[in-house]
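Enquirer: fold the stuff below for me.
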Amino acid sequence: MSTNPVSSEKSAKDTAHADAASLAPSRAEIDAKLKAILVAVLGIDEEQASQMDDDSGLFGHLPELDSMAVAGLLTEMEDQLDIVIEDDDVDGEMLETYGGLLAFAEAKIIEG
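Expert: Model prediction:
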């Protein structure tokens, strides 16, 4: 009886991917970290951050989030969420609403 090395290799990769996915933080954990980052970087109060939902406006709606603060926000997201944000990843849509920023962070974490 022979084993197929390709299928066993694929199985190992699938298992590793499933293990990594199970270790990924939950949406609630990412949400809490992202709100803490906004508090730290923008200097907004925790109550304001805790009330943010998917439709809450960010860039153009929060005076604290200007073009200079965006760089600090992205750097802190990289550090705190253990992700890499490339210049090509950044666009106005991801910074338009809190939901857009949260979805972006989730996607980058999954992408890992």
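Enquirer: switch to C-alpha atoms for all contacts and neighbour counts from now on
Expert: Will do.
Enquirer: what pLDDT, on average, does the strand or helix carrying Gly72 get?
Expert: Assigned by DSSP states H and E, Gly72 falls within helix 67-81. For helix 67-81, mean pLDDT rounds to 96.
Enquirer: by contact count, what packs against it?
Expert: Using 3 or more Cα pairs under 8 Å, 6 or more residues apart in numbering; DSSP states H and E, the elements in contact with helix 67-81 are helix 27-42, helix 98-111.
Enquirer: can you say which of the ones you listed is nearest to Asp79?
Expert: Across these, Asp79 has its closest neighbour in helix 27-42 (10.0 Å, Cα to Cα).
Enquirer: residues in contact with the helix or strand just after that closest one?
Expert: For helix 27-42, the following helix or strand on the C-terminal side (DSSP H and E) is helix 46-50. Contacting residues not belonging to helix 46-50 are listed as Lys35, Ala36, Leu38, Val39 [Cα atoms under 8 Å, 6 or more residues apart in numbering].
Enquirer: which residues sit in contact with the closest residue to Gly100 other than its chain neighbours?
Expert: Leaving aside its sequence neighbours, Gly100 sits nearest to Met94 (Cα to Cα, 6 or more residues apart in numbering; 4.7 Å). The neighbourhood of Met94, defined by Cα under 8 Å, 6+ apart, consists of Gly100, Leu101, Phe104.
Enquirer: which of the helices or strands spans Met94?
Expert: helix 92-96.
Enquirer: next, the buried residues of that helix.
Expert: Buried positions in helix 92-96, judged by neighbour count with 16 or more other Cα atoms under 10 Å: Met94, Leu95, Glu96.
Enquirer: phi and psi next, for Gly57.
Expert: Note on Gly57: its backbone torsions stand at phi -70, psi 140 [degrees, to the nearest 10].
Enquirer: what about it, how many residues close to it?
Expert: Using other Cα atoms under 10 Å, Gly57 is surrounded by 16 other residues.
Enquirer: surely it is in contact with Gly100?
Expert: No. At 9.5 Å, Gly57 does not count as touching Gly100 under the criterion of Cα atoms under 8 Å.
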